[in-house]
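1. below are the sequence and a predicted model; questions follow.
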Amino acid sequence: MMDWSSPTSLETTAPQTARCLVAALALLAAVALACSGGSDRQADKANPGREAFPGVPLPAGANEKDRGNVGALPFGVPGSTVDPAAFTSLEFRTYEVDNAPEDVIDFYHGELDGWEEISALSVSGETGGGFGVWTRGDDTALWVGARPKNGVTELIVILGSSE
């Protein structure tokens, strides 16, 4: 049983939980790519409007790597009350950025005007990463994940909407 009164237990548990959540988001990204049946567009092109989707900005220097539509995601992000199955459309975009994963998640804290943050977490370091979930009204949700990969940060942005 966890001793919640012990600061050492809490300090150890938070990074472990964050790593598990980042791993779950990486799995979410892999499922998105697999379910899409391939990409609609590939390769090293920066989004000219500097937005992944309307109202969803990108960090400076983000280079788009992939995009597509996902019919369904089999699970949500742990710790979030937002269920991907509630949305009729799920679109994703993946990018590479030079910023650290925690800096990418911090960027979204201040840049998503009109969105309500449901949950967000980031962990620094080589095995770190981060994720966040935001909603806009009852019919739009946003999942953002960032993790280190091959010397850069891989960013995935998934937009869920009900039409």
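-> Perfect, I can see it now.

2. tell me what residue 132 is bridged to.
-> Residue 132 has these beta-bridge partners by DSSP bridges: residue 120, residue 144.

3. so it sits against residue 105, correct?
-> Yes. If you go by CB atoms under 8 Å, residue 132 and residue 105 touch, sitting 5.6 Å apart. From N, CA and C alone the C-beta is placed, and that goes for glycine too.

4. any common contacting residues for the two?
-> Common neighbours of residue 132 and residue 105, counting by CB atoms under 8 Å, 6 or more residues apart in numbering, are 120, 121, 144.

5. against residue 103, how distant is residue 126?
-> From residue 126 across to residue 103, the span is 15 Å (CB to CB, to the nearest Å).

6. mind listing the helices for this protein?
-> For the chain, applying DSSP state H gives helices covering 7-35, 101-111.

7. worst mean pLDDT among those helices?
-> Among the helices of the chain, helix 7-35 has the lowest mean pLDDT, at a mean of 46.

8. buried set for stretch 98-115?
-> When burial is assessed from 16 or more other CB atoms under 10 Å, stretch 98-115 yields the following buried residues: 99, 100, 101, 102, 103, 104, 105, 106, 107, 108, 112, 115.

9. go ahead and produce PDB holding the CA coordinates of that stretch.
-> These are the backbone C-alpha positions of stretch 98-115, laid out as PDB (Å, rounded to 0.1, in the frame of the first residue of the first chain):
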ATOM      1  CA  ASP A  98      13.400  20.900 -31.500                       C
ATOM      2  CA  ASN A  99      11.900  22.000 -28.200                       C
ATOM      3  CA  ALA A 100      12.000  19.600 -25.200                       C
ATOM      4  CA  PRO A 101       8.700  17.700 -24.700                       C
ATOM      5  CA  GLU A 102       7.900  19.500 -21.400                       C
ATOM      6  CA  ASP A 103       8.400  22.800 -23.200                       C
ATOM      7  CA  VAL A 104       6.000  21.700 -25.900                       C
ATOM      8  CA  ILE A 105       3.300  20.900 -23.400                       C
ATOM      9  CA  ASP A 106       4.000  24.200 -21.500                       C
ATOM     10  CA  PHE A 107       3.500  26.000 -24.800                       C
ATOM     11  CA  TYR A 108       0.000  24.700 -25.100                       C
ATOM     12  CA  HIS A 109      -0.900  25.800 -21.600                       C
ATOM     13  CA  GLY A 110      -0.800  29.500 -22.700                       C
ATOM     14  CA  GLU A 111      -1.700  29.200 -26.400                       C
ATOM     15  CA  LEU A 112      -5.100  27.500 -26.500                       C
ATOM     16  CA  ASP A 113      -7.600  30.400 -26.200                       C
ATOM     17  CA  GLY A 114     -11.200  29.200 -25.900                       C
ATOM     18  CA  TRP A 115     -10.200  25.700 -24.800                       C
END
